[in-house]
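**Q** Sequence isn't available, so here's the structure alone:
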């Protein structure tokens, strides 16, 4: 009788070291594989392609287990309403296209720690009763959506009741023609600790929309050619908006009913229109607006009930109005900014001023600096009488370049009657700050 040589050996798996006693060497490989696949934490890859055994993403998701990777090969997959209810990763290889054929949503995520990357997601059905999206994330924590292309998805990426999620390096393009029949590119509702970074967004209703979103960061995104706002948020506190570009939107950014907002190094460009703003501030408190560029907007910053803001080190150039600050705005500090070639520098609807405008550069300042300390020796009055007139009678703008306007502005400058007497820059700078 042949004796089978046995041994005692241990091997390391995901859960630690595992002893294997009295087993023939020739069986060790098979036993090792069986045990690994049965151990918690083992990850397998499920391949999806047209000639594979699993040829739809839906089947792959259904057969996947926690932690598995679904690798989708190049091709066109006519699928929609794919529900992801377990923490898995779906990764595209050579940019496969998932086409919803305009029949409802494509991905719905209802699990934590899901990853979607490298996919082309297109053609979500338009609905007037449901917020259908290319990717809809519900009550999820730790989901990552990266390096995807979304086209004609009604709502692009929609997060609700979610936290600690990442939306990065996506390109989202819509076909919006009317505000009522279009959705937002990135839409967040009741979320916190979200990172939205390096996305390219265009032609939606709003580029990025946030409501009840706290402690989140929006960094280095480009949002352009949207019907309404490049960025629109309300009832959201403790958020940071850094290094974004908002170009050629119906209006650049609207900030409403929010606190402790930081907006730093953003660009607000060419947001033109009868009701267009670079930045609209309404009922916002305790924020910082620093080192931004406002170039060629109808109104660079419009403030209504904006309180305790620091507006510093910004460039206002070639705007219709650089600042339109209503009388309801109080305790704001506007300093170290450059105002260059704007039609109107500052406009207001009140004869009283509760804000500080000291220490800015105004390119139309006509004062002098005899002691050469870089600060003008006479105060600058940035509110012109004609801007006051235009605020009340819009058609008067046709007189903008007339001699009459120069005369009335000079008269008001010498003896203020209609404009706020205390709205002055008492220390105007002789050279640009930036």
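**A** Everything's here; your move. Only a predicted model underlies this, so the values are computations on that prediction, with no experimental measurement involved.
**Q** Poorly predicted segments of this structure, please.
**A** By pLDDT under 70, the low-scoring segments of the chain are 1-42, 385-420.
**Q** can I see the domain layout of it?
**A** The chain breaks down into these domains under automatic domain parsing: 6-38, 46-230, 250-383+419-434.
**Q** The second one: end-to-end distance?
**A** To tie it back to what came earlier, the one meant is domain 46-230. Using CA to CA, to the nearest Å, the end-to-end distance of domain 46-230 comes to 39 Å.
**Q** would you list the domains of the chain in JSON lines and tack on distance to residue 243?
**A** Yep, even glycine has a C-beta here, placed from its N, CA and C like the rest. Output for those, formatted as JSON lines (distance: least, CB to CB, whole Å):
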{"stretch": "domain 6-38", "distance to residue 243": "40"}
{"stretch": "domain 46-230", "distance to residue 243": "5"}
{"stretch": "domain 250-383+419-434", "distance to residue 243": "5"}
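**Q** Would you reformat these as CSV and include mean neighbour count?
**A** Shown next, in CSV, are these (neighbours: other CB atoms under 10 Å):
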stretch, mean neighbour count
domain 6-38, 11
domain 46-230, 20
domain 250-383+419-434, 20
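**Q** so residue 136 sits right up against residue 107, yeah?
**A** Yes. Counting by CB atoms under 8 Å, residue 107 is a contact partner of residue 136 at 6.8 Å.
**Q** quick one: the helices in the chain?
**A** 25-38, 57-63, 385-392, 403-414 (DSSP state H).
**Q** Can you tell me what sits against the second one?
**A** Yep, that's helix 57-63 we're talking about. 46, 48, 54, 70, 72, 77, 79, 82-84, 88, 90, 98 (CB atoms under 8 Å, 6 or more residues apart in numbering).
**Q** repeat that with 10 Å
**A** With contacts defined as CB atoms under 10 Å, 6 or more residues apart in numbering, helix 57-63 is touched by 46-48, 52-54, 56, 68-72, 77, 79-86, 88, 90, 92, 96, 98, 106-107, 119.
**Q** next one: it to chain centre, how far?
**A** Averaging C-alpha positions (CA atoms, centre = their mean, to the nearest Å) puts helix 57-63 32 Å from its chain's average.
**Q** Of the contacts of helix 57-63, which belong to strands?
**A** Members of these lying in strands (criterion: DSSP state E): 46-48, 69-72, 77, 82-84, 90, 92, 98, 107.
**Q** The residue lying closest to residue 80 once chain neighbours are set aside: what's it in contact with?
**A** Spatially, and ignoring its direct neighbours in sequence, residue 80 is nearest to residue 100 (4.0 Å; CB to CB, 6 or more residues apart in numbering). Residues counted as contacts of residue 100 (CB under 10 Å, 6+ apart) are 77-82, 106-107, 121-125, 132, 134, 152-154.
**Q** Now with 6 Å, please.
**A** 80, 106, 123, 124 (CB atoms under 6 Å, 6 or more residues apart in numbering).
**Q** where's it relative to residue 216, distance?
**A** 28 Å (CB to CB, to the nearest Å).
**Q** Report the beta-bridge partners for residue 146.
**A** With DSSP bridges as the criterion, residue 146 is bridged to residue 117, residue 168.
**Q** That one is in contact with residue 171, isn't it?
**A** No. Counting by CB atoms under 6 Å, residue 171 is not a contact partner of residue 146; they are 11.3 Å apart.
**Q** any idea how far residue 318 is from residue 330?
**A** 29 Å.
**Q** Verify the contact between residue 43 and residue 66 for me.
**A** No. Counting by CB under 6 Å, residue 43 stays clear of residue 66, with 9.1 Å between them.
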